[in-house]
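In: Let me see the structure of the following:
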Amino acid sequence: MASSDAPSPLRRTRRSLPIALLRARETVMGPIREMLSQSDINEQKWRVLRVLDERGPSELTLVAKEACLLLPSLTRIIRAMEDEGLATRATDAGDRRKSIATITEAGRALIVAHMAESNAIFARLEQDFGREKLEQLLDLLDELQTLDLYKP
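Out: Sure thing, here's the model as predicted:
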């Protein structure tokens with residue numbers, strides 16, 4: 001345990017990027033989680049539905065990447081979504097090692113049911129934070145994702 005008199009070699013938590021990203025995520029996700037609770041769906045399933053709706057039938061590796069999920073987690077989530085009638089999964093005819101996920105009409109209906117509230121949440125964010133700042137933040141986050149922090 002560090003002494004309170006000794007300076008910490010780490011950045012202060014208020015200026016820690018990982019912690020700042022988590023705090024910002026919680027600020028944004030709070031209203032979205034509240035919206036999704038009305039449909040008894042979690043945010044991971046919502047992300048999968050959004051990806052499948054946007055991209056159409058997609059290979060699971062791509063869905064996992066785009067929905068920010070680990071492939072084993074996505075496999076479990078897709079299985080549950082199949083049971084709930086929100087998505088289907090089929091073997092790729094061209095490569096039997098791959099699975100293709102597709103949103104169902106029920107999954108699409110869920111997105112449509114939340115569309116107005118989701119857009120309202122984003123509009124509030126854009127109004128409170130500012131459209132220009134929000135676009136700049138999204139551009140900076142896209143740029144940040146291109147970094148390879150694993151190399152020495």
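In: Show me the helices in the chain, by range?
Out: For the chain, applying DSSP state H gives helices covering 17-37, 43-55, 60-66, 71-83, 105-129, 131-145.
In: Same list, those, but as a markdown table with mean neighbour count please.
Out: (C-beta placed from N, C-alpha, C; glycine too.) Shown next, in a markdown table, are those (neighbours: other CB atoms under 10 Å):
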| stretch | mean neighbour count |
| --- | --- |
| helix 17-37 | 12 |
| helix 43-55 | 19 |
| helix 60-66 | 17 |
| helix 71-83 | 16 |
| helix 105-129 | 13 |
| helix 131-145 | 10 |
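In: quick one, which of those is nearest to G94?
Out: When the helices of the chain are compared by CB to CB, helix 60-66 sits nearest G94, at 14.4 Å.
In: So what's the model's average confidence on that closest one?
Out: Across helix 60-66, pLDDT averages out at 97.
In: Now it - C-alpha only, CSV.
Out: C-alpha atoms of helix 60-66 as CSV (Å, rounded to 0.1, in the frame of the first residue of the first chain):
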residue,chain,number,x,y,z
LEU,A,60,-20.2,-14.1,-36.7
THR,A,61,-16.5,-13.0,-36.6
LEU,A,62,-17.6,-9.7,-38.3
VAL,A,63,-20.6,-9.3,-36.0
ALA,A,64,-18.4,-9.9,-32.9
LYS,A,65,-15.9,-7.2,-34.1
GLU,A,66,-18.6,-4.7,-35.0
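In: Against which helices or strands is that helix packed?
Out: In terms of contacts (3 or more CB pairs under 8 Å, 6 or more residues apart in numbering; DSSP states H and E), helix 60-66 is packed against helix 43-55, helix 71-83, strand 99-103.
In: Run a quick neighbour tally on A101.
Out: Residues lying near A101 (other CB atoms under 10 Å) number 25.
In: returning to what we had before: which one of the helices and strands packed on helix 60-66 lies nearest to A20?
Out: helix 43-55 (19.8 Å).
In: so for that closest one, what's the average pLDDT?
Out: For helix 43-55, the mean pLDDT works out to 97.
In: ok, back up a step: make CSV out of the helices of the chain and add distance to L10.
Out: Below are the helices of the chain laid out as CSV (distance: least, CB to CB, whole Å):
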stretch, distance to L10
helix 17-37, 11
helix 43-55, 30
helix 60-66, 31
helix 71-83, 30
helix 105-129, 28
helix 131-145, 20
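In: Right, I'll call it a day here.
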